[in-house]
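Chemist: From the sequence below, what's the structure:
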Amino acid sequence: MDANKIDVQHVKVSDLTLDDRNANRGTERGLAMLESSLSRYGVGRGIVTDKNLRVIGGNKTVESLVDLGIEDAVVVSTSGNTLVINRRVDLDLLSDTAARELAYADNRVGQINLDFDVNLLFDDLTSNGLDLTPFWNDDEIEDIKAIVDSLTLDDLSKEYDVQDDSIFWPVVRLKIAPDIYALYRELIRSKGGETEAEKFSALIKDMHSMMFGATSPGDGPASSP
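Modeler: Residues are numbered from 1 along each chain as shown. You can find the predicted model right below:
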C-alpha cells in the first residue's frame with residue numbers, strides 16, 4: 001500500500017465482523033451509557049479493524065450501533081502510521097456544551113464499560129504467545145491466576161453439601177503499622193455500608209474495579225468502548 005495514498009470506502013456497520021475472543025465483556029451500565037452517548041451526541045471516536053474488517057478495538061461500539069440502527073460507516077485504510085481524525089463539523093469545543101459532554105462521555109463510558117473475562121485474559125497472558133507485559137505486571141498476573149484457579153462458593157457448597165456458603169468466607173487478620181491503619185480508617189469511612197465488613201467489601205471491590213474493570217471478585221470473572 002502506497003504510504004502517501006489514503007484509501008477510503010463506504011461500508012455498512014453490519015459488514016464488520018466482531019472479535020469472538022474480545023476479552024472485554026462490557027457491563028450492563030456501561031452498554032446503556034454507550035448507547036445513550038451515541039443517541040445524544042452521535043458517533044465520536046472511530047474503531048480499529050484488521051484488513052478483513054474484523055474488529056480489533058471497538059466491539060461494544062459496533063454492537064451498540066447495530067442495536068440503534070446506525071449503519072453508515074467509512075473505512076480509512078492505513079498501515080498504522082497515520083492518525084485518522086473524526087472531525088465533527090457540527091461541534092465547537094469552546095462554545096458547545098455538547099462537545100464538552102461528549103468528551104466526558106468518551107472517557108466515562110470506557111471506564112464503566114470495561115469488564116474483563118479473566119479466563120480468556122489469563123489464556124492470552126500465559127498460553128497464546130501474546131506479550132501483554134506492558135499492560136499487566138507480574139503481581140497482577142499472579143492475582144488473575146489466583147482468581148482463575150480458585151473454587152467458587154457454589155463449588156464449595158456443592159462439594160460439602162451445605163446451604164449457607166458463608167461458613168467458607170475467609171477471615172482476614174493482618175498486623176499493620178499505625179500509619180497504614182490510619183489510612184485504612186480514612187478510606188473505610190468513605191465507603192457505604194453499615195458494618196465494618198460491608199465497608200471493607202466496598203473498598204476491595206473499588207480497588208479491584210480500578211485494576212481489572214467493573215466486575216468485583218465476588219461477582220465472578222471479570223476496549224475502549
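Chemist: roughly how far apart are the residue lying closest to I70 once chain neighbours are set aside and Y41?
Modeler: Sequence neighbours aside, V13 is the residue nearest to I70 in space, at 6.5 Å (criterion: C-beta to C-beta, 6 or more residues apart in numbering). Every C-beta, even on glycine, is put in place using the N, C-alpha and C of the backbone. With distances taken as C-beta to C-beta, to the nearest Å, V13 is found 17 Å from Y41.
Chemist: just to revisit the earlier point, could you check how many residues crowd around the residue nearest to I70?
Modeler: Here the number of neighbours of V13 (other C-beta atoms under 10 Å) works out to 19.
Chemist: ok, it to G58 distance?
Modeler: Counting by C-beta to C-beta, the gap from V13 to G58 is 11 Å.
Chemist: do the same with V148
Modeler: Using C-beta to C-beta, V148 is found at 27 Å from G58.
Chemist: Equivalent analysis for Q111, please.
Modeler: According to C-beta to C-beta, Q111 stands 16 Å off from G58.
Chemist: how does the chain divide up, domain by domain?
Modeler: What automatic domain parsing lists as the domains of the chain is 7-112, 165-220.
Chemist: closest one to D131 among the ones you listed?
Modeler: For the domains of the chain, proximity to D131 was assessed by C-beta to C-beta; domain 7-112 is nearest, at 15.1 Å.
Chemist: And that closest one, end to end?
Modeler: One end of domain 7-112 sits 34 Å from the other (C-alpha to C-alpha, to the nearest Å).
Chemist: hang on, the earlier thing: now for the domains of the chain, which one comes closest to F122?
Modeler: For those, the distance to F122 is smallest for domain 7-112, at 9.6 Å, taking C-beta to C-beta.
Chemist: Now find how far off-centre the closest one is within its chain.
Modeler: Averaging C-alpha positions (C-alpha atoms, centre = their mean, to the nearest Å) puts domain 7-112 15 Å from its chain's average.
Chemist: What mean pLDDT does it get?
Modeler: For domain 7-112, the mean pLDDT works out to 95.
Chemist: How much space separates the residue nearest to the spatial centre of the chain from D50?
Modeler: By C-alpha atoms, centre = their mean, the chain has its centre lying nearest to L114, at 1.4 Å. Here the criterion is C-beta to C-beta. By it, L114 lies 22 Å from D50.
Chemist: before we move on, the earlier item: who has more neighbours, Q111 and G58?
Modeler: G58 (22 against 15).
Chemist: Can you tell me the closest non-neighbouring residue to the more buried one?
Modeler: Once flanking residues are discounted, G58 sits nearest to I47: 2.7 Å by C-beta to C-beta, 6+ apart.
Chemist: Is it correct that V118 is in contact with F212?
Modeler: Yes. Between V118 and F212 there is a contact under C-beta atoms under 8 Å: 7.1 Å.
Chemist: returning to that earlier point: so which of the domains of the chain is the most packed in?
Modeler: domain 7-112 (a mean of 15; mean count of other C-beta atoms under 10 Å).
Chemist: And for the residue lying closest to L132 once chain neighbours are set aside, the neighbour number?
Modeler: Once flanking residues are discounted, L132 sits nearest to L125: 5.5 Å by C-beta to C-beta, 6+ apart. L125: 21 surrounding residues under other C-beta under 10 Å.
Chemist: residue contacts, the residue nearest to I70?
Modeler: V13 makes contact with V62, L65, V66, I70, E71, D72, A73, according to C-beta atoms under 8 Å, 6 or more residues apart in numbering.
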